[in-house]
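K.L.:
Turn this into a model:
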Amino acid sequence: MTDGKRKLRVFDGTANSPLAVEVCRHLGVEKGDVVVSNFLDGETHVKIGESVRGAHVFIIQPTAPPVNESLMKLLIIIDALKRASAAKVTAVVPYYGYSRQEKKTSGREPITAKLVANLLTKAGADRIMTFDLHAWAIQGFFDIPVDHLTSLPIICDYIKTKADDPNEFVVVSPDAGGVGRARAYGKRLDTTIAIIDKRRPKPNVAESMNLIGDVKNKKAILVDDIIDTAGTISASAVMLAENGAKEIYVAATHAIFSGPAYDRLRKAPVKEIIVTNSIIIPEEKRFSNLTVLSIAPLISEVIYRIHNEVPVSSLFE
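P.N.:
Below is the predicted model of the structure:
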């Protein structure tokens, strides 16, 4: 799969090495030679160990926790590759950190998602590939091409194995902001949707209020882009159980699982939690009803298409 005009190289930014290895295996290429280390004071140092002159280079680096360290490594690797005369650098950022800070919600706040976009562009990225941004409008923060991919087809194909009749399902958005996502899932699964009206008094604190729609005797699929502290998801699952859902599933792309998330999800009335490997999930944050689906085949296919100048949009049509 490497018959493009320029040499194709894939580098691992170290934030999700297993994903990078899997992508390279699908593409049939060796992982690029890069050494990422730290000085004693914490500064990141990068050394590219091979020639990339004239190459089309892809760096796989979600800005996963620790977010600032992962982001800094990505910026420095991009700079190193550009200074080494790479013809084109594409940053593959499966999880785009700071995406929840995409607008001002009160006075004197930053729009950090835009700042990160500026940093990536200024560092020398020619293209961005990412998955399920918290807000689709973030694509417009970049003045370079952005391939905004979604794990929706991968997750939906898996969910379809849970019932013979799509009428058994109802897709549930845990808040009003996720209605568009729920509709997309509902369309793919050919089923109805419901909405939980929720108030968030402060960041990482959710208060579920009202259920709009019917979930009684249904298999409810709670869908979101990110599970962070799991406050929203756990409270929503309890509400669905109280309203008669016979089974509750959770589906999300990015499994951050911060702070109390593990305990909340383990205690929640949820049959299965379905996420992707956009972020490494440590063993201590895994539980028996967690299913992790791989996005590596999709990333590999999109890398191949970008490298060989084949349209990407047809994958999702």
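K.L.:
And the average pLDDT for the longest helix belonging to the chain is what?
P.N.:
Among the segments of the chain that qualify as a helix by DSSP state H, the longest is helix 67-83. Here helix 67-83 scores 98 as its mean pLDDT.
K.L.:
got the angle for the helix or strand following that helix vs helix 67-83?
P.N.:
Per DSSP states H and E, the first helix or strand lying C-terminal to helix 67-83 is strand 88-93. With axes from the mean of the first three to the mean of the last three CA atoms, to 10 degrees defining the directions, strand 88-93 sits at 170 degrees from helix 67-83.
K.L.:
List the residues that contact the spatially most central residue of the chain.
P.N.:
Nearest residue to the geometric centre of the chain (CA atoms, centre = their mean): residue 95, 4.0 Å. When contacts are counted by CB atoms under 8 Å, 6 or more residues apart in numbering, residue 95 touches 62-64, 130-131, 253-254, 278-279. Any C-beta I mention is one placed from the backbone N, CA and C, and that applies to glycine too.
K.L.:
what ranges do the strands span in the stretch 101-250 of the chain?
P.N.:
Residue ranges of the strands in the stretch 101-250 of the chain, as given by DSSP state E, counting those that start in this stretch, are 127-131, 146-149, 169-173, 192-202, 205-212, 219-227, 247-255.
K.L.:
Tell me which of these sits nearest to residue 158.
P.N.:
With respect to residue 158, and counting by CB to CB, the nearest of the strands of the stretch 101-250 of the chain is strand 247-255 at 8.5 Å.
K.L.:
Counting by contacts, list what the helix or strand that comes right after that closest one packs against.
P.N.:
The helix or strand immediately downstream of strand 247-255 is helix 261-267, counting by DSSP H and E. Secondary-structure packing of helix 261-267 (3 or more CB pairs under 8 Å, 6 or more residues apart in numbering; DSSP states H and E): helix 231-242.
K.L.:
Quick one: list the elements packing against the helix it packs on.
P.N.:
The helices and strands touching helix 231-242, judged by 3+ CB pairs under 8 Å, 6+ apart, are strand 192-202, strand 205-212, strand 219-227, strand 247-255, helix 261-267.
K.L.:
Report the mean per-residue pLDDT for the last one.
P.N.:
For helix 261-267, the mean pLDDT works out to 95.
K.L.:
quick one: the residue lying farthest from the centre of the chain from residue 77, how far?
P.N.:
Largest separation from the mean C-alpha position in the chain: residue 40, at 31.6 Å (CA atoms, centre = their mean). The spacing between residue 40 and residue 77, counted by CB to CB, to the nearest Å, is 21 Å.
K.L.:
cool, residue 315 as well?
P.N.:
Distance of residue 315 to residue 77, given as CB to CB: 27 Å.
K.L.:
Which one's more surrounded, those two?
P.N.:
residue 77 (27 against 15; other CB atoms under 10 Å).
K.L.:
Tell me how far the more buried one lies from residue 86.
P.N.:
The gap separating residue 77 from residue 86 is 11 Å, by CB to CB.
K.L.:
neighbours around residue 288, how many?
P.N.:
For residue 288, the neighbour count with other CB under 10 Å is 6.
K.L.:
One more: residue 160?
P.N.:
When neighbours are counted by other CB under 10 Å, residue 160 registers 14.
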